[in-house]
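Student: Got a predicted structure here, sequence first:
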Amino acid sequence: MGLLRRFATSASAAAVLVLALSGAANALTITFDENGNGILDGLPITGVLAADPSNPGHDALIYNLGDVAVGVGDVSVIEFGSNLEVPVISDWIRFTNANGDITGTSGNLLIFYSDCSDGCDTDLADTGFPTNIGTGATGGPVFENADGTFQFVASGPNTYNGISDGDLSVPEPLTLSMFGIGLGVAAALRRRRSKAV
């Protein structure tokens, strides 16, 4: 089953983040991963490692949402299997603007920060958490699923599908297997039809 389909069929725990919406009239779906691959309402978007306006002197994985204006603030993502009495935060999602505001206004930037305390991988989001994380408007927590995905609704309400452990651009093995099975069935049907003629 594909990653996007799994989002649609998963009984994912979702949290509602109440942020003010400014500008967008319709709810949108935004899917993004730790490597800069994203989809904004069916169209591809690219996140880039760039100067973080909300954390001067540091780079972060930033998705520009274009004309989509959302309330600024931070959303925490709790690691799957984490003890809820002492939750482990695996990721933070920040909404900000070009000024780096994290409270009281709107913006069009989505920043993906991933925990780097046990060493950084090669994922673009593996920059660690900024020192000012959670000091502005906050929402969540959001709970990560066993497959590393998470989902939340905010601003409008827009739906955000995040991929913490995985890559949106790489097809899953199950998807490739199903494709192979489909080709095999098609070939068998073709052989059967040619024998019947």
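Tutor: Great, that's in hand.

Student: This protein: strands as residue ranges?
Tutor: For the chain, the strands defined by DSSP state E cover 14-17, 29-33, 37-40, 43-46, 48-51, 59-64, 70-71, 73-78, 89-96, 106-107, 109-114, 138-143, 149-154, 158-163.

Student: Over to stretch 135-150 now: how far is its first residue from its last?
Tutor: Stretch 135-150 has its terminal residues 22 Å apart, counting by C-alpha to C-alpha, to the nearest Å.

Student: Surely residue 162 is in contact with residue 92?
Tutor: No - contact criterion C-beta atoms under 8 Å: residue 162 and residue 92 do not qualify, at 10.7 Å. Yep, even glycine has a C-beta here, placed from its N, CA and C like the rest.

Student: The two: who's more crowded?
Tutor: Using other C-beta atoms under 10 Å, the more surrounded residue of residue 162 and residue 92 is residue 162, with 26 against 23.

Student: The more buried one bridge partners, please.
Tutor: residue 32, residue 150 (DSSP bridges).

Student: Contacts only, for it.
Tutor: 31-33, 77, 91, 93, 112, 142, 149-152 (C-beta atoms under 8 Å, 6 or more residues apart in numbering).

Student: Which neighbours do residue 162 and residue 92 have in common?
Tutor: Common contacts of residue 162 and residue 92 (C-beta under 8 Å, 6+ apart): residue 77.

Student: Centre of the chain to stretch 143-154, how far?
Tutor: Remark: stretch 143-154 is offset 8 Å from the chain centroid, using C-alpha atoms, centre = their mean, to the nearest Å.

Student: Over to stretch 132-145?
Tutor: 14 Å.

Student: pLDDT of it, averaged?
Tutor: Stretch 132-145 shows a mean pLDDT of 92.

Student: residues in contact with stretch 124-131?
Tutor: 34-36, 47-49, 52, 54-55, 58-61, 89, 91-92, 112-117, 120.
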